[in-house]
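Q: Next one to model:
(one chain, ligands or ions: 1)
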Amino acid sequence: MVAGSRIVAMGHYQPSRVVTNEDLTKTLDTNDEWIRSRVGIAERRIADTETVADMAGFAAEKALAASGLTAADIDLVIVATCSSIDRCPNVATRVANKLGIAAPAAYDLNTACSGFSYAVGSADHAIRAGAARNAIVIGAEKLSDVTDWSDRKTAVLFGDGAGAAVMTGVPDGEEPGVGPVLWGSAPDKGDVLRIEGWRPYIEQEGQIVFRWATTELAPFAIEACRRAGVDPSELAAFVPHQANTRIIDGIVKRLGLSENAIVAKDLVESGNTSAASVPLALSKLIERREVPSGAPVLLFGFGGGLTYAGQVVRCP
Ligand code: UT7
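A: Just a heads-up that it's a prediction; the model follows:
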């Protein structure tokens, strides 16, 4: 019997091409000052040849190598993405094939920017139920494929990349490392953020999303902590979706974090990578050893749907 699950290792991948705000001014009526002050982004990575499945696979390979497990141990692969162009086969089976994972349960999950926390919650439930022993959970996006590069309102916001976590069961008697997921949506506001088939580019009513994120989401983040039995003041780090530093600061103001808590702001160098943003930021914090192993970290994603999800995880 298992008591729950934990994340044992993370990995991430970003394309090598850096696109700065200055680069964007060559084709768009925009400027570095506007992008930095309104959004917080300085640069982003844009994929040339890599697909969503390629980036997901690279991130997953790194996470698996760091986990001490092998492909033979993995029996569940979940990929959170909203930008995969191919409908079939799904990204998860492509990743499994690339990594030599022979016969896993493998599915994609689309809740846009909250996708990673939804996927971690789903894998946790599968492991608790005995439907899986070890899982790879990935957030991967190639948003450059669904960006209208002539629209300054959206083209300055997004980037490409992937982050992955290897999750495993925690035996009875031990403390689980993944807290209960808090997940939900505001479907009545769904149309304010769209990538529609007939015009497959990201469109959003930015101010409505901004207002929703800054006024309605903090209580859900606090509730995710309560469900894990962790007071927000005890968190070592907060890793929210990386859409806008003003949104992050607005949520942080209401959380009651300690002065020493780290707040991830990876969007400065990565842009908004939707479902990839939380695992990318978390993987980098771990790589830079900024959060001690075992310390509680609140993950919190929000965006298209509109959807949101979060949970407290123990740092691997
Ligand atoms: O990840 C999915 C979830 N999405 C989000 O969380 C996004 C939430 N929303 C936001 O982060 C912000 O609303 C944006 C960053 C998208 C936009 O910032 P804003 O402060 O809401 O700007 P705005 O859309 O109200 O535009 C203000 C002005 C407008 O000019 P006027 O009409 O006041 O003359 C825009 O045309 O800024 C102009 N503008 C720009 N100027 C320079 C819009 N985009 C740009 C740009 N460069 N790239």
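
Q: average pLDDT across stretch 148-168?
A: Stretch 148-168 shows a mean pLDDT of 98.

Q: Any idea how far apart the tips of that stretch sit?
A: 39 Å (CA to CA, to the nearest Å).

Q: Pull out the buried residues from that stretch.
A: Using 16 or more other CB atoms under 10 Å as the test for burial, stretch 148-168 gives 152, 154-168. Every residue, glycine included, has its C-beta placed from N, CA and C.

Q: which among those are in contact with the ligand?
A: Checking the buried residues of stretch 148-168 against the ligand by CB under 6 Å from any ligand atom, the ones in range are 152, 156.

Q: Out of the buried residues of stretch 148-168, which sit inside helices?
A: Judged by DSSP state H, the subset of the buried residues of stretch 148-168 located in helices is 152, 154, 155.

Q: Could I get the phi/psi values of the residue of the stretch 151-300 of the chain found nearest the ligand?
A: Nearest residue of the stretch 151-300 of the chain to the ligand: residue 206, at 2.8 Å (CB to the nearest ligand atom). Backbone torsions of residue 206, given as degrees, to the nearest 10, read phi -60, psi -40.

Q: show me the contacts for the closest residue to residue 108 other than its chain neighbours.
A: Leaving aside its sequence neighbours, residue 108 sits nearest to residue 90 (CB to CB, 6 or more residues apart in numbering; 4.4 Å). By CB atoms under 8 Å, 6 or more residues apart in numbering, the contact set of residue 90 is 79, 84, 106, 107, 108.

Q: Can you read off the pLDDT for residue 90?
A: pLDDT, residue 90: 98.

Q: Just want to check the distance between it and the ligand.
A: 22 Å (CB to the nearest ligand atom, to the nearest Å).

Q: Run through the neighbouring helices and strands of the worst-scoring helix or strand of the chain on mean pLDDT.
A: Within the chain, no helix or strand scores below strand 199-204, which has a mean of 93 by mean pLDDT, DSSP states H and E. Packing contacts for strand 199-204, counted by 3 or more CB pairs under 8 Å, 6 or more residues apart in numbering; DSSP states H and E, involve helix 152-155, strand 193-196.

Q: where do the strands sit along the stretch 151-300 of the chain?
A: Under the criterion DSSP state E, counting those that start in this stretch, the stretch 151-300 of the chain contains strands at 160-171, 182-185, 193-196, 199-204, 237-240, 262-263, 296-303.

Q: of all the residues in this protein, which ones are close to the ligand?
A: Taking CB under 6 Å from any ligand atom, the part of the chain that reaches the ligand is made up of 30, 34, 38-39, 113, 152-153, 156, 193, 204, 206-207, 209-210, 213, 243-244, 247, 272, 274, 303.

Q: Buried among those residues? Need that as a selection in ChimeraX.
A: Per 16+ other CB under 10 Å, the buried members of these correspond to this ChimeraX selection:
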select :39,113,152,156,193,204,206,209,210,213,243,244,247,272,274,303
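
Q: where exactly do the helices run in the chain?
A: Using DSSP H, helices in the chain cover 21-24, 32-38, 52-67, 91-99, 115-129, 152-155, 206-216, 218-228, 245-255, 267-270, 277-287.
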